[in-house]
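Q: Following is a predicted model, sequence given first.
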Amino acid sequence: MYSVQEEKELQKLTDELLKFIEGKDRSYWKRLNKKEAEELAEKLRRVIRYHDYKYYVQANPVISDYQYDKLFHALEDLENAHPEIVTPDSPTQRISPAFTGEFEKVKHYAEMTSLENTYSPNDLKDWDRRVRELLGKETVEYIVEPKFDGASVELVYEKDLLVRGATRGDGVYGEDITMNVKTIKSIPLRAPFSKYGINLISIRGEVIMPKSVFKRLNEEREKQGLPLFANPRNAAAGTLRLKNPAEVAKRGLDCYVYQILYSEPKKLCSDIKTQKEALELLSNCGFKTPHIQKVCKNIDEVIETVLKAQEERESWDFEADGMVIKVNDICAWEKLGETMHHPRWAVAYKFPAKQAVTKLVDVVWQVGRTGALTPVAILEPVEVGGVIVSRATLFNPDFIRMKDIRIGDYVIVERAGETIPYIVGPVVERRTGEEKEIEVPKNCPVCGAPIVKELDEAVPRCPNINCPAQLKEHLIYWGKVLDIKGLGEATVNQLMRKGLVKSIADLYYLKKEDLLRLPGWGLRKTQNLLEQIEKSKGAPFWKKLTALGIRHVGEKTAQLLAKRFRNLEELKGVSFTELASIPGIGPVTATSIKNFFKAEQNLEMIKKLEKAGFKFERTEEEEREQELPKPLAGQNVVFTGELGNFTRREAQHIVELLGGNPTNSVTRRTSFVVVGKNPGSKYQRAQKLGIKMIHEEEFINMLKEFSKVNPEVRKILEEKGLL
Ligand SMILES: NC(=O)c1ccc[n+]([C@@H]2O[C@H](COP(=O)([O-])OP(=O)(O)OC[C@H]3O[C@@H](n4cnc5c(N)ncnc54)[C@H](O)[C@@H]3O)[C@@H](O)[C@H]2O)c1
Ligand SMILES: [Zn+2]
């Protein structure tokens with residue numbers, strides 16, 4: 001959507017505007033003439049739209065919320081001072097659209113607006129005064145709830161059944177994410193609304209990722225060398241947009257609901273009179289509602305409540321970025337109405353950001369267990385929300401480039417709950433000219449191997465399989481893939497600690513005497529391990545390739561490669577272009593393979609392995625199989641539904657044996673679809689695309705025919721009693 005050049009320019013404009021609007025108020029905006037006001041407004045709109053895109057669509061904001069709100073308020077004030085310059089597409093006139101384009105658009109039952117933000121008790125008093133004036137009342141009763149920091153959703157129930165879940169989108173239209181929403185355990189699939197005389201109801205809530213879950217997810221991602229989520233909100237929003245509901249289900253999302261948007265035949269105001277009553281109804285129907293929902297008789301009590309919550313929020317298991325104050329009387333909502341952007345009957349009180357400014361002294365690069373290099377900022381120690389912070393993550397080099405962070409800069413550090421402290425950005429105004437650019441090291445800080453970059457990732461990596469930072473992981477993986485019993489984590493730890501294994505190849509030079517000297521190692525155990533290691537020399541070529549742990553070369557890819565190349569020499573010798581053009585490989589995997597063989601350390605290890613008799617070449621059995629006819633060669637086969645005679649994995653394996661390519665999704669390139677019992681959405685998709693479909697029986701008949709030429713397949717069919 002935005003080119004790198006445009007992004008740079010917009011970042012620069014953002015900084016200029018933030019500086020420019022600082023300390024300016026309504027009286028200043030009033031003094032501008034129409035042309036000046038228009039020009040300034042257009043600039044503000046451009047940067048706000050850009051930050052909306054980063055925040056809502058990419059879930060990757062590049063300025064703090066506080067800075068964003070400053071820009072937004074400036075635009076609001078400017079437009080208020082010059083009503084004639086307002087355009088219908090101004091961000092103040094509508095909720096920023098957040099459509100990925102990957103889901104179907106649906107219209108909400110009622111508009112899902114945003115909230116007005118306030119930052120101090122005084123702001124709240126002003127807001128209360130306006131509410132009382134508009135309602136013509138001495139005092140107004142409010143209700144205070146946490147402001148959950150997640151992704152807003154609309155849930156629709158018809159005759160007690162959950163029929164739809166949608167994102168907020170642009171407030172009027174959202175995206176249909178029903179499949180994903182259904183995987184969230186705290187959202188009931190059936191809720192007894194009919195007991196309360198409701199046939200149809202649309203409710204609003206927030207899907208969040210609990211802090212504890214978020215922490216685990218990021219730890220997991222770090223292990224896998226995947227980019228980390230900056231905070232639970234991004235993680236929740238990102239998860240809801242996954243295309244695979246099974247993956248969503250694994251992520252441990254939670255949901256709190258806090259508003260009835262629409263219901264029938266029971267109506268808001270006439271039947272459901274207060275927000276408190278609405279929350280109780282939702283709770284009685286089995287939903288999670290805010291754990292704080294305090295009714296306050298006036299604004300002073302509200303202020304007391306929000307300040308108390310501000311103290312306690314660290315102990316909540318979800319992230320909240322403030323509290324929401326609503327007029328309790330629902331009939332008053334209509335009287336107060338709303339702007340294009342937010343209701344007048346509710347307001348958010350934002351907790352002060354846990355931010356601080358300090359000096360970036362240095363950047364060190366950490367090598368993760370998968371070889372990923374992560375830049376870590378070394379800071380002059382500073383207190384952020386009650387904790388002393390001296391290190392913060394800079395995520396990856398792209399992040400550093402995007403924000404133009406330099407060594408010696410004063411930087412804004414933010415910490416949100418369980419989140420690792422991170423750098424929001426530099427304080428450009430405080431630059432002296434002495435700052436230095438941050439460079440990605442050319443060599444691994446742990447082992448010295450030249451650093452490589454994969455095509456699809458922002459992370460630089462150390463490609464050396466024997467890099468001390470990675471060796472342990474690789475040894476365990478090696479043992480697992482080659483089925484070396486006894487080479488588990490405990491043994492690997494022992495071998496590494498005693499210095500017996502400094503490289504994978506060392507496994508094949510282990511001596512009986514050395515092992516016997518290890519605590520707890522008798523003759524049996526020692527012999528077993530040595531035998532297992534010896535046996536691994538006879539593993540198929542494709543398994544040996546898998547064991548190398550080259551990024552993007554899992555079992556399937558390794559099998560492809562082993563079919564194409566007889567040995568490692570052939571694979572090493574092939575050009576990038578040729579490698580990348582093999583179906584199922586592509587440029588990303590090809591780059592990764594080439595990178596692997598670029599590291600001297602890896603080549604040396606392979607030599608050492610071969611010297612010990614561990615040969616990277618096809619076994620006789622693999623050669624024989626290679627010569628069998630491949631009747632499904634070049635065909636992409638998809639399975640849907642349950643098969644009676646095979647597991648999904650078995651069926652896919654048979655297709656592979658016959659030279660075919662089992663894939664998981666139906667596209668125009670699919671050759672045919674095998675349909676089992678209760679087929680899923682792939683069935684409809686195949687129908688729509690006019691792809692050939694066969695039933696399991698036909699599939700088996702086909703296999704019977706092929707088994708005449710392929711003994712492997714014959715063996716499987718015989719074992720299953722199908723021949
Ligand atoms: N940093 C950036 O680049 C950037 C960009 C765009 C937006 N933002 C931030 O997002 C804000 C706008 O986002 P927004 O429109 O989602 O508004 P918001 O997050 O400030 O507040 C409104 C949201 O609060 C949620 N909410 C949580 N608990 C609630 C409760 N109990 N009752 C009612 N609503 C509740 C709702 O989903 C609602 O959409 C901005 O003010 C800014 O802080 C930041
Ligand atoms: Zn290294």
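A: It's in. Numbers count the residues shown, from 1 in each chain. Ligands and ions are numbered 1, 2, ... in the order given.
Q: So the residue in the stretch 551-700 of the chain that ligand 1 sits nearest to versus residue 253, what's the distance?
A: Using Cβ to the nearest ligand atom, the closest approach of the stretch 551-700 of the chain to ligand 1 is made by residue 681 at 28.9 Å. Every C-beta, even on glycine, is put in place using the N, C-alpha and C of the backbone. Distance, residue 681 to residue 253, by Cβ to Cβ, to the nearest Å: 21 Å.
Q: out of the two, which sits in the more crowded spot?
A: Comparing residue 681 with residue 253 by neighbour count (other Cβ atoms under 10 Å), the higher total belongs to residue 253, at 26 against 11.
Q: ok, that one - contacts?
A: 183-184, 207-209, 213, 236, 239-240 (Cβ atoms under 8 Å, 6 or more residues apart in numbering).
Q: Sort out which of the residues you listed are in helices and list them.
A: Among the contacts of residue 253, the members found in helices (DSSP state H) are 213, 236, 239-240.
Q: Got the domain ranges for the protein?
A: Using automatic domain parsing, the domains assigned to the chain come out as 4-85, 105-350, 355-437, 468-619, 628-719.
Q: Go back to the contacts of residue 253 and keep what's next to ligand 1.
A: With Cβ under 6 Å from any ligand atom as the criterion, the contacts of residue 253 include none near ligand 1.
Q: Give me every residue in this protein that's in contact range of ligand 2.
A: The chain comes close to ligand 2 at residues 444, 446-447, 449, 462, 464, 467, as judged by Cβ under 5 Å from the ion.
Q: how about those residues in CSV, adding neighbour count and pLDDT?
A: Compiled in CSV, the residues of the chain next to ligand 2 are given as follows (neighbours: other Cβ atoms under 10 Å; pLDDT from 0 to 100):
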residue, neighbour count, pLDDT
444, 26, 95
446, 18, 92
447, 18, 93
449, 21, 93
462, 28, 94
464, 29, 94
467, 22, 94
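Q: Make CSV out of those residues and add distance to residue 232.
A: Shown next, in CSV, are those (distance: Cβ to Cβ, whole Å):
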residue, distance to residue 232
444, 32
446, 31
447, 35
449, 35
462, 30
464, 35
467, 32
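Q: and which of these is nearest to residue 105?
A: residue 462 (44.5 Å; Cβ to Cβ).
Q: was I right about the closest one contacting residue 366?
A: No - using Cβ atoms under 8 Å, residue 462 is not in contact with residue 366; the gap is 10.9 Å.
Q: can I get the domains of the chain in TSV with mean pLDDT?
A: Compiled in TSV, the domains of the chain are given as follows (pLDDT from 0 to 100):
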stretch	mean pLDDT
domain 4-85	88
domain 105-350	93
domain 355-437	87
domain 468-619	94
domain 628-719	91
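Q: Give me the residues contacting stretch 392-409.
A: Against stretch 392-409 from outside (Cβ under 8 Å, 6+ apart): 7, 11, 62, 227-228, 230, 359-363, 374-377, 379, 411, 413, 420-423, 425-428, 430-432, 434-438, 440, 458-460.
Q: I meant to write stretch 110-130 there.
A: Against stretch 110-130 from outside (Cβ under 8 Å, 6+ apart): 69, 95, 140, 147, 152, 154, 168-169, 171-172, 174, 202, 204, 261-262, 298-299, 302-303, 306-307, 322, 324-325, 338, 341-344, 346-350, 352.
Q: Show me the helices in the stretch 301-450 of the chain, by range?
A: For the stretch 301-450 of the chain, the helices defined by DSSP state H, counting those that start in this stretch cover 330-336, 397-403.
Q: which of those sits most buried?
A: Among the helices of the stretch 301-450 of the chain, helix 397-403 has the highest mean neighbour count (mean count of other Cβ atoms under 10 Å), at a mean of 18.
Q: what's the spacing between it and its chain's center?
A: 19 Å (Cα atoms, centre = their mean, to the nearest Å).
Q: With just CA atoms, put it into CSV.
A: C-alpha atoms of helix 397-403 as CSV (Å, rounded to 0.1, in the frame of the first residue of the first chain):
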residue,chain,number,x,y,z
PRO,A,397,16.7,-4.3,11.5
ASP,A,398,13.6,-3.2,9.6
PHE,A,399,12.2,-1.8,12.7
ILE,A,400,15.4,0.1,13.3
ARG,A,401,15.4,1.5,9.8
MET,A,402,11.7,2.4,9.8
LYS,A,403,12.1,4.4,13.0
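Q: anything in it near ligand 1?
A: No - looking at helix 397-403 against ligand 1 by Cβ under 6 Å from any ligand atom, there are no contacts, and the closest approach is 12.2 Å.
Q: so what does the host helix or strand of residue 76 touch, helix or strand wise?
A: Under the criterion of DSSP states H and E, residue 76 resides in helix 65-81. If you count contacts as 3 or more Cβ pairs under 8 Å, 6 or more residues apart in numbering; DSSP states H and E, helix 65-81 packs onto helix 4-21, helix 26-31, helix 34-52.
Q: quick one: it near ligand 1?
A: Yes - applying Cβ under 6 Å from any ligand atom, one finds helix 65-81 touching ligand 1 at 65, 68-69.
Q: next one: stretch 408-423
A: No - shown here: stretch 408-423 not in contact with ligand 1 (Cβ under 6 Å from any ligand atom), separated by at least 10.7 Å.
Q: same check, this time on stretch 2-16
A: No - counting by Cβ under 6 Å from any ligand atom, no contacts exist between stretch 2-16 and ligand 1, the nearest distance being 9.2 Å.
Q: how far out from the middle of the chain is that stretch?
A: 25 Å.
Q: Let me see the contact set for residue 504.
A: 465-466, 471, 474-475, 478, 605, 609.
Q: Among those, list the two that are farthest apart in space.
A: Spatial extent of the contacts of residue 504 (Cβ to Cβ) is set by the pair 471 and 609 at 14.7 Å.
Q: which stretches of the stretch 51-200 of the chain form helices?
A: 65-81, 121-135, 178-181.
Q: what's near enough to touch residue 376?
A: Residue 376 touches 363-366, 391-394, counting by Cβ under 8 Å, 6+ apart.
Q: May I ask which of the residues you listed has the most neighbours?
A: Neighbour-wise, the contacts of residue 376 (other Cβ under 10 Å) top out at residue 392, 24 neighbours.
Q: Just the buried residues out of the contacts of stretch 110-130, in PyMOL syntax.
A: One line in PyMOL is enough to select the buried ones among the contacts of stretch 110-130; burial here means 16 or more other Cβ atoms under 10 Å:
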select buried, resi 95+140+147+152+154+168+169+171+172+174+202+204+261+262+299+302+303+306+322+324+325+338+341+342+343+344+346+347+348+349+350
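Q: what residues does the chain put near ligand 1?
A: When proximity is defined as Cβ under 6 Å from any ligand atom, the chain approaches ligand 1 at 51-52, 54-55, 61, 63-65, 68-69, 114-115, 117, 145, 147-148, 152, 206, 258, 290, 324, 348.
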